[in-house]
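J.: predicted model and sequence follow; I will ask about them next.
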Amino acid sequence: MDARIVLLPGDGIGPEIIDQAELVLNAVAEKGGHALSFERCPIGGNAIDDFGDPLPEQTVEACRNSQAILLGAVGGPKWDDPTAKTRPEAGLLKIRRELKLFANLRPVKTFDCLMDSSPLKRSVLEGTDILFFRELTGGIYFGDSGRSTTETGEESAYSTMIYSTSEVERIVRLAAAAAMQRGKKLTSVDKANVLEVSRLWRQVAERVVKEEFPELEYEVVLVDAMAMHLISRPSTFDVVVTGNMFGDILTDEASMLPGSLGMLPSASLGESGPGLYEPIHGSAPDIAGKGIANPLATILAAAMMLRHSLGLEDEAADIERAVDAVLDAGHRTADLAGKGETSIGTVEMGQRVVEAL
Ligand code: ATP
Ligand code: MG
(Lines give C-alpha, C1' and ligand atoms only; values in the text may rest on other atoms or scores of the structure.)
(Ligands and ions follow the chains in the order given, each with its own letter.)
Protein backbone atom coordinates (compact mmCIF):
# COMPACT_ATOMS: atom_id res chain seq x y z
CA MET A 1 0.00 0.00 0.00
CA ASP A 2 0.96 3.67 -0.44
CA ALA A 3 0.58 6.09 2.44
CA ARG A 4 1.52 9.67 3.16
CA ILE A 5 2.64 10.18 6.72
CA VAL A 6 3.35 13.50 8.38
CA LEU A 7 6.08 13.52 11.03
CA LEU A 8 5.88 16.27 13.64
CA PRO A 9 9.15 15.97 15.59
CA GLY A 10 8.44 18.98 17.85
CA ASP A 11 10.80 19.99 20.65
CA GLY A 12 13.19 18.52 23.21
CA ILE A 13 13.73 14.80 22.66
CA GLY A 14 10.99 14.84 19.97
CA PRO A 15 13.34 14.86 16.93
CA GLU A 16 15.58 12.13 18.42
CA ILE A 17 12.74 9.69 19.07
CA ILE A 18 10.95 10.46 15.79
CA ASP A 19 14.15 9.61 13.87
CA GLN A 20 14.14 6.13 15.37
CA ALA A 21 10.43 5.59 14.72
CA GLU A 22 10.94 6.59 11.08
CA LEU A 23 13.74 4.03 10.71
CA VAL A 24 11.51 1.33 12.18
CA LEU A 25 8.61 2.28 9.89
CA ASN A 26 10.92 2.19 6.86
CA ALA A 27 12.17 -1.25 7.84
CA VAL A 28 8.62 -2.58 8.19
CA ALA A 29 7.55 -0.97 4.91
CA GLU A 30 10.47 -2.44 3.03
CA LYS A 31 9.77 -5.89 4.42
CA GLY A 32 6.07 -5.77 3.48
CA GLY A 33 6.49 -4.03 0.13
CA HIS A 34 4.64 -0.87 1.24
CA ALA A 35 5.51 2.63 0.06
CA LEU A 36 5.37 5.01 2.99
CA SER A 37 6.31 8.61 2.26
CA PHE A 38 7.23 10.98 5.06
CA GLU A 39 6.95 14.72 5.31
CA ARG A 40 8.39 16.58 8.33
CA CYS A 41 6.55 19.67 9.51
CA PRO A 42 7.10 22.18 12.31
CA ILE A 43 4.95 22.28 15.46
CA GLY A 44 5.44 23.62 18.98
CA GLY A 45 8.29 25.76 20.27
CA ASN A 46 10.52 25.45 17.20
CA ALA A 47 7.58 26.61 15.07
CA ILE A 48 7.09 29.63 17.34
CA ASP A 49 10.79 30.48 16.87
CA ASP A 50 10.74 30.06 13.09
CA PHE A 51 7.20 31.14 12.14
CA GLY A 52 5.80 32.95 15.21
CA ASP A 53 3.07 30.29 15.33
CA PRO A 54 3.05 26.92 17.18
CA LEU A 55 0.97 25.45 14.35
CA PRO A 56 1.81 27.07 11.00
CA GLU A 57 -0.84 26.78 8.28
CA GLN A 58 1.50 24.65 6.12
CA THR A 59 1.56 22.04 8.91
CA VAL A 60 -2.25 21.94 9.11
CA GLU A 61 -2.48 21.52 5.32
CA ALA A 62 0.09 18.71 5.25
CA CYS A 63 -1.74 16.92 8.11
CA ARG A 64 -5.10 17.20 6.33
CA ASN A 65 -3.58 15.64 3.20
CA SER A 66 -2.00 12.73 5.07
CA GLN A 67 -3.28 9.33 6.16
CA ALA A 68 -1.66 9.58 9.57
CA ILE A 69 0.46 11.82 11.77
CA LEU A 70 3.26 10.81 14.12
CA LEU A 71 4.20 13.38 16.75
CA GLY A 72 7.24 13.50 19.06
CA ALA A 73 6.53 16.03 21.81
CA VAL A 74 6.22 19.79 22.20
CA GLY A 75 7.30 22.34 24.78
CA GLY A 76 10.23 23.16 26.97
CA PRO A 77 11.56 25.78 29.42
CA LYS A 78 12.54 28.12 26.58
CA TRP A 79 8.85 28.74 25.84
CA ASP A 80 7.51 28.55 29.41
CA ASP A 81 7.11 32.32 29.87
CA PRO A 82 3.49 32.67 31.12
CA THR A 83 3.24 36.16 29.57
CA ALA A 84 4.09 34.91 26.07
CA LYS A 85 1.25 35.41 23.62
CA THR A 86 1.35 31.78 22.51
CA ARG A 87 2.71 28.50 23.84
CA PRO A 88 3.97 25.29 22.18
CA GLU A 89 1.08 23.26 23.66
CA ALA A 90 -1.40 25.52 21.84
CA GLY A 91 -0.20 23.94 18.58
CA LEU A 92 -1.13 20.48 19.79
CA LEU A 93 -4.57 21.54 21.05
CA LYS A 94 -5.25 23.28 17.74
CA ILE A 95 -4.27 20.35 15.51
CA ARG A 96 -6.54 18.05 17.58
CA ARG A 97 -9.40 20.49 17.11
CA GLU A 98 -8.71 21.08 13.39
CA LEU A 99 -8.80 17.32 12.71
CA LYS A 100 -11.86 16.76 14.96
CA LEU A 101 -10.12 14.05 16.98
CA PHE A 102 -12.67 12.89 19.57
CA ALA A 103 -11.29 9.55 20.72
CA ASN A 104 -8.11 9.09 22.70
CA LEU A 105 -6.72 5.55 22.64
CA ARG A 106 -4.24 4.42 25.25
CA PRO A 107 -2.98 0.88 25.32
CA VAL A 108 -1.60 -0.28 28.67
CA LYS A 109 0.44 -3.43 28.50
CA THR A 110 2.81 -4.83 31.07
CA PHE A 111 6.26 -6.01 29.98
CA ASP A 112 7.65 -9.15 31.52
CA CYS A 113 11.11 -7.70 32.08
CA LEU A 114 9.81 -4.60 33.87
CA MET A 115 7.44 -6.35 36.28
CA ASP A 116 9.95 -6.96 39.03
CA SER A 117 10.69 -3.24 39.40
CA SER A 118 6.97 -2.43 39.82
CA PRO A 119 5.46 -1.78 43.25
CA LEU A 120 2.67 -4.18 42.26
CA LYS A 121 2.99 -7.97 42.39
CA ARG A 122 3.95 -9.88 39.26
CA SER A 123 0.89 -12.11 39.75
CA VAL A 124 -1.33 -9.02 39.47
CA LEU A 125 0.46 -7.49 36.48
CA GLU A 126 0.93 -10.60 34.38
CA GLY A 127 -1.19 -10.74 31.24
CA THR A 128 -2.34 -7.10 31.46
CA ASP A 129 -3.19 -5.75 28.00
CA ILE A 130 -5.86 -3.03 28.09
CA LEU A 131 -6.90 -0.58 25.40
CA PHE A 132 -8.60 2.53 26.79
CA PHE A 133 -10.94 4.68 24.71
CA ARG A 134 -11.35 8.06 26.37
CA GLU A 135 -13.85 10.52 24.91
CA LEU A 136 -11.88 13.68 24.25
CA THR A 137 -14.10 16.54 23.13
CA GLY A 138 -17.13 16.48 25.44
CA GLY A 139 -18.14 15.91 29.04
CA ILE A 140 -17.43 18.08 32.04
CA TYR A 141 -14.29 19.69 30.54
CA PHE A 142 -16.36 21.37 27.84
CA GLY A 143 -19.81 21.77 29.44
CA ASP A 144 -21.26 25.03 30.69
CA SER A 145 -19.41 26.39 33.72
CA GLY A 146 -19.45 29.53 35.78
CA ARG A 147 -19.39 31.22 39.15
CA SER A 148 -21.88 33.18 41.20
CA THR A 149 -22.05 34.90 44.54
CA THR A 150 -24.98 34.44 46.94
CA GLU A 151 -26.63 37.27 48.89
CA THR A 152 -24.48 36.43 51.90
CA GLY A 153 -21.37 36.94 49.75
CA GLU A 154 -20.40 33.29 49.49
CA GLU A 155 -18.97 32.26 46.15
CA SER A 156 -20.02 29.13 44.30
CA ALA A 157 -18.96 27.54 41.03
CA TYR A 158 -20.29 24.85 38.74
CA SER A 159 -19.13 22.71 35.82
CA THR A 160 -21.61 20.73 33.78
CA MET A 161 -21.09 17.21 32.51
CA ILE A 162 -23.02 16.87 29.29
CA TYR A 163 -23.09 14.12 26.65
CA SER A 164 -25.36 13.72 23.65
CA THR A 165 -26.53 10.41 22.19
CA SER A 166 -24.38 10.83 19.08
CA GLU A 167 -21.25 11.62 21.10
CA VAL A 168 -21.67 8.42 23.09
CA GLU A 169 -22.55 6.36 20.02
CA ARG A 170 -19.44 7.28 18.03
CA ILE A 171 -16.93 6.54 20.80
CA VAL A 172 -18.65 3.31 21.86
CA ARG A 173 -18.74 2.19 18.21
CA LEU A 174 -14.99 2.77 17.79
CA ALA A 175 -14.21 0.98 21.05
CA ALA A 176 -16.51 -1.96 20.27
CA ALA A 177 -15.02 -2.36 16.78
CA ALA A 178 -11.53 -2.43 18.32
CA ALA A 179 -12.67 -5.01 20.89
CA MET A 180 -13.90 -7.25 18.05
CA GLN A 181 -10.31 -7.24 16.67
CA ARG A 182 -8.83 -8.04 20.09
CA GLY A 183 -10.15 -10.02 23.05
CA LYS A 184 -13.86 -9.47 22.22
CA LYS A 185 -14.59 -7.93 25.61
CA LEU A 186 -15.77 -4.36 26.23
CA THR A 187 -16.08 -2.59 29.58
CA SER A 188 -17.98 0.69 29.74
CA VAL A 189 -17.20 2.84 32.79
CA ASP A 190 -19.70 5.35 34.19
CA LYS A 191 -21.27 6.62 37.41
CA ALA A 192 -24.86 5.73 36.57
CA ASN A 193 -25.85 5.18 40.21
CA VAL A 194 -25.53 8.94 40.76
CA LEU A 195 -25.27 10.90 37.51
CA GLU A 196 -28.08 11.34 34.98
CA VAL A 197 -25.51 11.91 32.22
CA SER A 198 -24.06 8.49 33.06
CA ARG A 199 -27.50 6.90 32.85
CA LEU A 200 -27.78 8.20 29.26
CA TRP A 201 -24.22 7.00 28.55
CA ARG A 202 -25.07 3.53 29.84
CA GLN A 203 -28.35 3.32 27.93
CA VAL A 204 -26.76 4.37 24.62
CA ALA A 205 -23.67 2.17 25.06
CA GLU A 206 -25.84 -0.86 25.80
CA ARG A 207 -27.99 -0.27 22.72
CA VAL A 208 -24.99 0.19 20.37
CA VAL A 209 -23.36 -2.99 21.64
CA LYS A 210 -26.56 -5.08 21.56
CA GLU A 211 -27.59 -3.97 18.08
CA GLU A 212 -24.24 -3.74 16.33
CA PHE A 213 -21.80 -5.96 18.25
CA PRO A 214 -23.85 -8.82 19.71
CA GLU A 215 -20.83 -11.16 19.82
CA LEU A 216 -19.01 -8.96 22.33
CA GLU A 217 -18.77 -9.82 25.99
CA TYR A 218 -20.01 -6.58 27.52
CA GLU A 219 -19.97 -5.22 31.07
CA VAL A 220 -20.54 -1.91 32.82
CA VAL A 221 -18.45 -0.91 35.83
CA LEU A 222 -18.82 2.13 38.09
CA VAL A 223 -15.82 4.45 37.95
CA ASP A 224 -15.00 4.15 41.66
CA ALA A 225 -14.99 0.36 41.45
CA MET A 226 -12.91 0.56 38.27
CA ALA A 227 -10.23 2.53 40.10
CA MET A 228 -9.88 -0.45 42.46
CA HIS A 229 -10.10 -3.17 39.82
CA LEU A 230 -7.35 -1.53 37.75
CA ILE A 231 -4.77 -2.26 40.41
CA SER A 232 -6.27 -5.45 41.84
CA ARG A 233 -7.09 -7.34 38.62
CA PRO A 234 -5.91 -5.34 35.56
CA SER A 235 -5.44 -8.46 33.45
CA THR A 236 -9.22 -9.09 33.36
CA PHE A 237 -9.91 -6.09 31.08
CA ASP A 238 -9.64 -5.88 27.31
CA VAL A 239 -11.13 -2.69 25.82
CA VAL A 240 -12.40 -0.02 28.23
CA VAL A 241 -14.53 2.91 27.04
CA THR A 242 -15.37 5.94 29.15
CA GLY A 243 -15.96 9.70 29.17
CA ASN A 244 -13.47 12.53 29.23
CA MET A 245 -12.86 13.06 32.95
CA PHE A 246 -13.16 9.41 34.06
CA GLY A 247 -10.80 8.49 31.22
CA ASP A 248 -8.31 11.18 32.17
CA ILE A 249 -8.07 9.85 35.72
CA LEU A 250 -8.19 6.12 34.95
CA THR A 251 -5.56 6.27 32.17
CA ASP A 252 -3.16 8.12 34.44
CA GLU A 253 -3.72 5.47 37.11
CA ALA A 254 -3.20 2.71 34.55
CA SER A 255 -0.03 4.29 33.18
CA MET A 256 1.72 3.17 36.37
CA LEU A 257 1.12 -0.51 35.54
CA PRO A 258 3.85 -0.97 32.89
CA GLY A 259 6.43 0.72 35.13
CA SER A 260 7.81 3.37 32.77
CA LEU A 261 6.52 6.47 31.02
CA GLY A 262 8.94 5.76 28.19
CA MET A 263 6.92 2.73 27.06
CA LEU A 264 3.44 4.21 26.58
CA PRO A 265 1.99 5.30 23.22
CA SER A 266 -1.34 6.91 22.49
CA ALA A 267 -3.55 7.80 19.54
CA SER A 268 -6.26 10.36 18.85
CA LEU A 269 -8.84 9.50 16.21
CA GLY A 270 -11.71 11.26 14.51
CA GLU A 271 -14.66 9.96 12.51
CA SER A 272 -12.65 10.02 9.30
CA GLY A 273 -9.37 11.60 8.23
CA PRO A 274 -5.91 11.09 9.66
CA GLY A 275 -5.25 9.92 13.22
CA LEU A 276 -2.59 11.49 15.43
CA TYR A 277 -0.12 9.17 17.17
CA GLU A 278 2.33 10.10 19.91
CA PRO A 279 4.10 8.92 23.07
CA ILE A 280 2.30 9.97 26.27
CA HIS A 281 5.48 11.43 27.76
CA GLY A 282 6.55 15.04 27.21
CA SER A 283 9.56 16.61 25.55
CA ALA A 284 11.86 15.71 28.48
CA PRO A 285 14.00 18.87 28.20
CA ASP A 286 16.29 17.58 30.99
CA ILE A 287 17.69 14.87 28.71
CA ALA A 288 17.20 16.46 25.26
CA GLY A 289 20.24 16.28 22.97
CA LYS A 290 22.01 13.71 25.16
CA GLY A 291 21.07 10.74 23.02
CA ILE A 292 19.67 8.79 25.97
CA ALA A 293 15.89 9.17 25.50
CA ASN A 294 13.86 5.97 25.25
CA PRO A 295 12.33 5.83 21.72
CA LEU A 296 10.08 2.82 22.43
CA ALA A 297 6.87 4.72 23.24
CA THR A 298 7.17 6.52 19.89
CA ILE A 299 8.00 3.28 18.09
CA LEU A 300 4.93 1.68 19.70
CA ALA A 301 2.89 4.74 18.64
CA ALA A 302 4.08 4.07 15.08
CA ALA A 303 2.78 0.50 15.44
CA MET A 304 -0.62 1.85 16.54
CA MET A 305 -0.58 4.09 13.47
CA LEU A 306 -0.11 1.11 11.18
CA ARG A 307 -2.96 -0.71 12.93
CA HIS A 308 -5.58 2.01 13.33
CA SER A 309 -4.98 4.36 10.37
CA LEU A 310 -3.34 2.20 7.69
CA GLY A 311 -4.98 -1.17 8.38
CA LEU A 312 -1.60 -2.93 8.59
CA GLU A 313 -2.30 -5.19 11.56
CA ASP A 314 0.44 -7.74 10.81
CA GLU A 315 3.08 -5.05 10.48
CA ALA A 316 1.90 -3.41 13.72
CA ALA A 317 2.13 -6.72 15.55
CA ASP A 318 5.61 -7.25 14.07
CA ILE A 319 6.86 -4.02 15.62
CA GLU A 320 5.32 -4.91 18.99
CA ARG A 321 6.95 -8.33 18.92
CA ALA A 322 10.29 -6.75 17.98
CA VAL A 323 10.06 -4.40 20.98
CA ASP A 324 9.27 -7.36 23.26
CA ALA A 325 12.22 -9.28 21.85
CA VAL A 326 14.64 -6.39 22.36
CA LEU A 327 13.55 -6.01 25.98
CA ASP A 328 13.67 -9.76 26.57
CA ALA A 329 17.24 -9.76 25.22
CA GLY A 330 18.09 -7.38 28.05
CA HIS A 331 18.56 -4.11 26.16
CA ARG A 332 17.62 -1.07 28.24
CA THR A 333 17.71 2.68 27.82
CA ALA A 334 18.72 4.57 30.97
CA ASP A 335 15.13 5.05 32.15
CA LEU A 336 14.53 1.28 32.06
CA ALA A 337 17.86 0.09 33.42
CA GLY A 338 17.93 -1.12 36.99
CA LYS A 339 20.75 -0.39 39.42
CA GLY A 340 24.02 -1.73 38.05
CA GLU A 341 22.53 -2.60 34.64
CA THR A 342 24.25 -1.12 31.60
CA SER A 343 22.16 1.01 29.27
CA ILE A 344 22.14 1.87 25.58
CA GLY A 345 21.29 5.14 23.84
CA THR A 346 18.36 6.27 21.69
CA VAL A 347 19.96 5.40 18.35
CA GLU A 348 21.15 2.00 19.48
CA MET A 349 17.71 1.11 20.87
CA GLY A 350 16.13 2.03 17.52
CA GLN A 351 18.76 -0.05 15.74
CA ARG A 352 18.03 -3.06 17.97
CA VAL A 353 14.33 -2.88 17.09
CA VAL A 354 15.14 -2.67 13.38
CA GLU A 355 17.38 -5.73 13.73
CA ALA A 356 14.71 -7.65 15.64
CA LEU A 357 12.29 -7.00 12.78
P1 ATP B 1 4.53 17.39 29.86
O2 ATP B 1 5.19 17.82 28.57
O3 ATP B 1 3.38 16.48 29.67
O4 ATP B 1 4.33 18.50 30.82
P5 ATP B 1 6.39 16.56 31.82
O6 ATP B 1 7.31 17.74 31.82
O7 ATP B 1 5.46 16.37 32.94
O8 ATP B 1 5.60 16.43 30.48
P9 ATP B 1 8.12 14.68 30.59
O10 ATP B 1 8.64 15.69 29.64
O11 ATP B 1 7.40 13.53 30.05
O12 ATP B 1 7.22 15.27 31.71
O13 ATP B 1 9.32 14.19 31.49
C14 ATP B 1 9.13 13.65 32.81
C15 ATP B 1 10.39 12.90 33.23
O16 ATP B 1 10.43 11.67 32.50
C17 ATP B 1 11.67 13.64 32.89
O18 ATP B 1 12.64 13.42 33.89
C19 ATP B 1 12.10 13.02 31.60
O20 ATP B 1 13.48 13.05 31.41
C21 ATP B 1 11.58 11.59 31.71
N22 ATP B 1 11.21 11.07 30.37
C23 ATP B 1 10.13 11.39 29.65
N24 ATP B 1 10.11 10.77 28.48
C25 ATP B 1 11.23 10.01 28.45
C26 ATP B 1 11.78 9.11 27.48
N27 ATP B 1 11.22 8.88 26.30
N28 ATP B 1 12.96 8.49 27.78
C29 ATP B 1 13.56 8.71 28.96
N30 ATP B 1 13.09 9.54 29.91
C31 ATP B 1 11.94 10.18 29.66
MG1 MG C 1 7.24 18.92 30.05
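T.: Cool, got the structure. Ligands and ions are numbered 1, 2, ... in the order given.
J.: what residues are up against the closest residue to ligand 1 within the chain?
T.: Closest residue of the chain to ligand 1, C-beta to the nearest ligand atom: residue 282 (2.2 Å). The way it works is simple: take the backbone N, C-alpha and C, and place the C-beta from them, glycine included. Counting by C-beta atoms under 8 Å, 6 or more residues apart in numbering, residue 282 touches 12, 73, 75.
J.: hmm, try it at 7 Å
T.: Counting by C-beta atoms under 7 Å, 6 or more residues apart in numbering, residue 282 touches 73, 75.
J.: ditto for residue 230
T.: Per C-beta under 7 Å, 6+ apart, neighbours of residue 230: 250, 253-254.
J.: kindly recompute the last result at 10 Å.
T.: Neighbour list for residue 230: 108, 128, 130, 189, 221, 236-237, 240, 250-251, 253-254, 256-257 [criterion: C-beta atoms under 10 Å, 6 or more residues apart in numbering].
J.: and what of residue 115?
T.: Counted by C-beta under 10 Å, 6+ apart, residue 115 has contacts 121-126, 128, 257-259.
J.: list just the nearest of those to residue 316.
T.: residue 258 (17.9 Å; C-beta to C-beta).
J.: correct me, but that closest one touches residue 111?
T.: Yes - Residue 258 is within contact range of residue 111, at 6.1 Å (criterion: C-beta atoms under 10 Å).
J.: who touches both of the two?
T.: Taking C-beta under 10 Å, 6+ apart as the contact rule, residue 258 and residue 111 both touch 118, 125, 128.
J.: neighbours around the second one, how many?
T.: Going back to what we said before, that points to residue 125. 21 (other C-beta atoms under 10 Å).
J.: for it, what are phi and psi?
T.: Per-residue torsions, residue 125: phi -80, psi -30 (degrees, to the nearest 10).
J.: just the last one next, same as before
T.: Taking degrees, to the nearest 10, you get phi -70, psi 130 for the backbone angles of residue 128.
J.: contacts only, for it.
T.: By C-beta under 10 Å, 6+ apart, the residues touching residue 128 are 108-111, 115, 120, 230, 233-237, 254, 257-258.
J.: rerun that using 8 Å as the cut-off
T.: For residue 128, the contacting residues are 108-110, 234-235, 257, by C-beta under 8 Å, 6+ apart.
J.: which of the residues you listed count as buried?
T.: 108-110, 234, 257 (16 or more other C-beta atoms under 10 Å).
J.: max pairwise distance over those: which two?
T.: 109 and 234 (10.1 Å).
J.: for the two, list the residues in contact with both.
T.: Counting by C-beta under 8 Å, 6+ apart, the residues touching both residue 109 and residue 234 are 128, 130.
J.: run the chain-centre distance for stretch 52-66.
T.: Relative to its parent chain, stretch 52-66 has a centroid offset of 21 Å by C-alpha atoms, centre = their mean, to the nearest Å.
J.: then stretch 254-267?
T.: Chain-centre distance of stretch 254-267: 9 Å, with C-alpha atoms, centre = their mean.
J.: quick one: end-to-end length of it, please.
T.: End-to-end distance of stretch 254-267 (C-alpha to C-alpha, to the nearest Å): 16 Å.
J.: could I get the buried residue list for that stretch?
T.: Within stretch 254-267, the residues that count as buried by 16+ other C-beta under 10 Å are 254-255, 257-267.
J.: for the nearest residue to residue 167 once chain neighbours are set aside, what are its contacts?
T.: In space, and not counting its chain neighbours, residue 167 is closest to residue 138: 4.9 Å by C-beta to C-beta, 6 or more residues apart in numbering. By C-beta under 8 Å, 6+ apart, the contact list for residue 138 reads 102, 162-164, 167, 243-244.
J.: go back to the residues you listed and keep what's next to ligand 1.
T.: Checked against ligand 1 using C-beta under 6 Å from any ligand atom, these give no members in range.
J.: could you identify the most distant pair in those?
T.: 102 and 162 (14.5 Å).
J.: work out which residue lies at the spatial centre of the protein.
T.: Residue closest to the mean C-alpha point of the chain, counted by C-alpha atoms, centre = their mean, is residue 266 at 1.5 Å.
J.: tell me the pLDDT of that residue.
T.: Predicted confidence (pLDDT) for residue 266: 96.
J.: residue 156 versus that one, what's the distance?
T.: Using C-beta to C-beta, to the nearest Å, residue 266 is found at 35 Å from residue 156.
J.: quick one: list the elements packing against the top helix by length along the chain.
T.: Using DSSP state H to define each element, the chain has its longest helix at helix 14-32. Contacts defined by 3 or more C-beta pairs under 8 Å, 6 or more residues apart in numbering; DSSP states H and E place helix 14-32 against strand 2-10, strand 35-40, strand 68-73, helix 296-308, helix 313-328, helix 346-356.
J.: same list (the ones you listed) but as JSON lines, adding distance to residue 287 and mean neighbour count.
T.: Listed next are these as JSON lines, based on distance: least, C-beta to C-beta, whole Å; neighbours: other C-beta atoms under 10 Å:
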{"stretch": "strand 2-10", "distance to residue 287": "15", "mean neighbour count": "22"}
{"stretch": "strand 35-40", "distance to residue 287": "22", "mean neighbour count": "14"}
{"stretch": "strand 68-73", "distance to residue 287": "12", "mean neighbour count": "28"}
{"stretch": "helix 296-308", "distance to residue 287": "14", "mean neighbour count": "27"}
{"stretch": "helix 313-328", "distance to residue 287": "20", "mean neighbour count": "18"}
{"stretch": "helix 346-356", "distance to residue 287": "9", "mean neighbour count": "19"}
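J.: ok, residue 206 - contacts?
T.: Here residue 206 is in contact with 188, 218, 220 (C-beta under 8 Å, 6+ apart).
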